[in-house]
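S.K.: no sequence for this one, just the structure:
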């Protein structure tokens, strides 16, 4: 006899665009930013001016100039008056332009010194999909790693998306809001958050790890762990990583410290947290459980809930009443006391849907429905895409970070000894989402 489960509909997330006024919300990110500016524009931001360096091969000059004009002056009704107006800045400019004579790895690596010398707030670097996929000779991953190590945030622009006849083409009026939101976040800004005033959670910590082999053949596998901290509304707080190690015990000890330090930093800068949720796309292990125990001992009345989010399973959710066959988004199906499925994919507007739910298992005192709601909320504050993601940012960004580290290691194995994989992220970038 088939087993039946009851499905509940979680609350749909709403985007918020003003720190001081909770009523400034919009279901459409582009419209919300255009009408109200970013979430933090009503606060005393550390920056209101920004300068950029743009880097591109000379043969792509027309692509770069067209993009620069759209960035600074605006493009269509989606982004009408440019970066300064859109994000309520005082001054924004392209201060330096670096033209390259080739698209090979060595040419781009040589340009890193020039980018550093320019000393602008962010580098916009033009690449192609083919350059991104060159493996050991990829300038994309080399430049990303070297500039991250140097403390310079980067925005990679794939030229294929700008070219009308490319199979990867995306009309600029749709692309531009996603790109400028990433740039604004890397300057230290908060483009938008989720409006969920009744959330009991103060802090969400996403943890992940990257396993890579030092050397192409016969090298020893090293593990590097990392933790990224977010407010429950999706606002990014900070990032830190462990040293790469071959020791399982050393890895767990270091990851425990990163989780504990994230909570302690939050307590110093905000308030003592009352509830923390730790998201992991790997199985919950000793690092997370040790951090849970230490934090609940250290802070009075603190509850730490551990959540394992898994999308590598055989379960699928369909709706045979709909023409797509996909179910509605935001379904919550409880399968046991501390287990269930969250449908963060399902039917979506403007983006591909998915029948794959997130399999959720929790350890802690927070109601599992609250954890599920938080997971669904965090899918809508993915600053790389105004239409959100099929995964919450705690997991999606963890996968992106692992991807950057593992690809940078490939380039490093080919003689790029200047990349320090074990400590690739400069302390200057730890409080911005450099990985976007």
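M.R.: Sure, I can see it. Predicted model only: the values in this text are computed from it and were never measured. Numbers count the residues shown, from 1 in each chain.
S.K.: what's downstream of the helix or strand hosting residue 97, the next helix or strand?
M.R.: Residue 97 is located in strand 91-100, with elements delineated by DSSP states H and E. Once strand 91-100 ends, the next helix or strand along the chain (criterion: DSSP H and E) is helix 105-118.
S.K.: by contact count, what packs against that next one?
M.R.: With contacts defined as 3 or more Cβ pairs under 8 Å, 6 or more residues apart in numbering; DSSP states H and E, helix 105-118 has these neighbours: strand 49-57, strand 91-100, helix 139-150. To be clear about C-beta, it is placed using only N, CA and C from the backbone, and glycine gets the same treatment.
S.K.: residues in contact with the second one?
M.R.: Outside strand 91-100, the residues within contact range by Cβ atoms under 8 Å, 6 or more residues apart in numbering are 48-58, 61, 64, 68, 71-72, 82-84, 107-108, 111, 114-115, 118, 120.
S.K.: before we move on, the earlier item: show the average pLDDT along the strand holding residue 97.
M.R.: Averaged over strand 91-100, pLDDT sits at 98.
S.K.: Would you list the strands that that strand pairs with, along with their directions?
M.R.: strand 49-57 (parallel) (DSSP bridges).
S.K.: Return the set of buried residues in the partner strand.
M.R.: 50, 52-57 (16 or more other Cβ atoms under 10 Å).
S.K.: Run the angle between that strand and helix 139-150 for me.
M.R.: 150 degrees (axes from the mean of the first three to the mean of the last three Cα atoms, to 10 degrees).
S.K.: next helix or strand past strand 49-57?
M.R.: Following strand 49-57 toward the C-terminus (DSSP H and E): helix 61-73.
S.K.: List of residues touching that next one?
M.R.: 52, 54, 56, 75, 79, 81-84, 92-94, 97, 99, 124, 126, 157, 159, 162-163, 172, 176, 179-180.
S.K.: Can you spell out which helices and strands pack onto the next helix-or-strand element following it?
M.R.: Sequence order places helix 83-86 as the next helix or strand after helix 61-73, per DSSP H and E. If contacts are counted by 3+ Cβ pairs under 8 Å, 6+ apart, helix 83-86 sits against helix 61-73, strand 91-100, helix 172-186.
S.K.: 7 Å - rerun?
M.R.: strand 91-100 (3 or more Cβ pairs under 7 Å, 6 or more residues apart in numbering; DSSP states H and E).
S.K.: how far does the strand it packs on sit from the chain's center?
M.R.: 25 Å (Cα atoms, centre = their mean, to the nearest Å).
S.K.: buried ones in it?
M.R.: 92, 94, 96-97, 100.
S.K.: can these go into JSON lines with extra columns for distance to residue 355?
M.R.: Below are these laid out as JSON lines (distance: Cβ to Cβ, whole Å):
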{"residue": "92", "distance to residue 355": "42"}
{"residue": "94", "distance to residue 355": "44"}
{"residue": "96", "distance to residue 355": "47"}
{"residue": "97", "distance to residue 355": "46"}
{"residue": "100", "distance to residue 355": "44"}
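S.K.: Any regions of the stretch 201-350 of the chain where pLDDT drops low?
M.R.: Scanning the stretch 201-350 of the chain for pLDDT under 70 picks out 212-220.
S.K.: Would you mind measuring from residue 150 to residue 66?
M.R.: Residue 150 sits 28 Å away from residue 66, going by Cβ to Cβ, to the nearest Å.
S.K.: Show me which of those two is the more surrounded one.
M.R.: residue 150 (17 against 13; other Cβ atoms under 10 Å).
S.K.: ok now do that one, which residues does it touch?
M.R.: 116, 426 (Cβ atoms under 7 Å, 6 or more residues apart in numbering).
S.K.: again, but for residue 372
M.R.: Counting by Cβ under 7 Å, 6+ apart, residue 372 has contacts 10, 332, 340, 342, 360.
S.K.: Mind telling me what element it is part of?
M.R.: With DSSP H and E as the criterion, residue 372 is inside helix 368-377.
S.K.: So which other helices or strands are in contact with the helix or strand following that helix?
M.R.: Toward the C-terminus, helix 368-377 is succeeded by helix 393-413 as the next helix or strand (DSSP H and E). Contacts defined by 3+ Cβ pairs under 7 Å, 6+ apart place helix 393-413 against helix 139-150, strand 203-213, strand 221-231.
S.K.: any idea how far the closest residue to residue 358 other than its chain neighbours lies from residue 188?
M.R.: Using Cβ to Cβ, 6 or more residues apart in numbering and skipping residues adjacent in sequence, the residue nearest residue 358 is residue 342, 4.6 Å away. Plainly put, residue 342 is 31 Å away from residue 188 if you go by Cβ to Cβ.
S.K.: Which of those two has more residues huddled nearby?
M.R.: Applying other Cβ under 10 Å to residue 342 and residue 188 shows that residue 342 carries more neighbours, namely 25 against 18.
S.K.: Distance to residue 326 for the helices and strands packed on helix 105-118 - can I get that in a markdown table?
M.R.: Shown next, in a markdown table, are the helices and strands packed on helix 105-118 (distance: least, Cβ to Cβ, whole Å):
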| stretch | distance to residue 326 |
| --- | --- |
| strand 49-57 | 39 |
| strand 91-100 | 40 |
| helix 139-150 | 33 |
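S.K.: before we move on, back to that, so which of the contacts of residue 372 comes closest to residue 291?
M.R.: Lowest distance from residue 291 to the contacts of residue 372 (Cβ to Cβ) belongs to residue 360, with 19.3 Å.
S.K.: how much space between the closest one and residue 274?
M.R.: Residue 360 is 22 Å from residue 274, by Cβ to Cβ.
S.K.: Looking at those two, which one has more neighbours?
M.R.: residue 360 (23 against 14).
S.K.: pretty sure the more buried one is in contact with residue 344, am I right?
M.R.: No: applying Cβ atoms under 7 Å as the test, residue 360 and residue 344 come out as separate, 10.3 Å apart.
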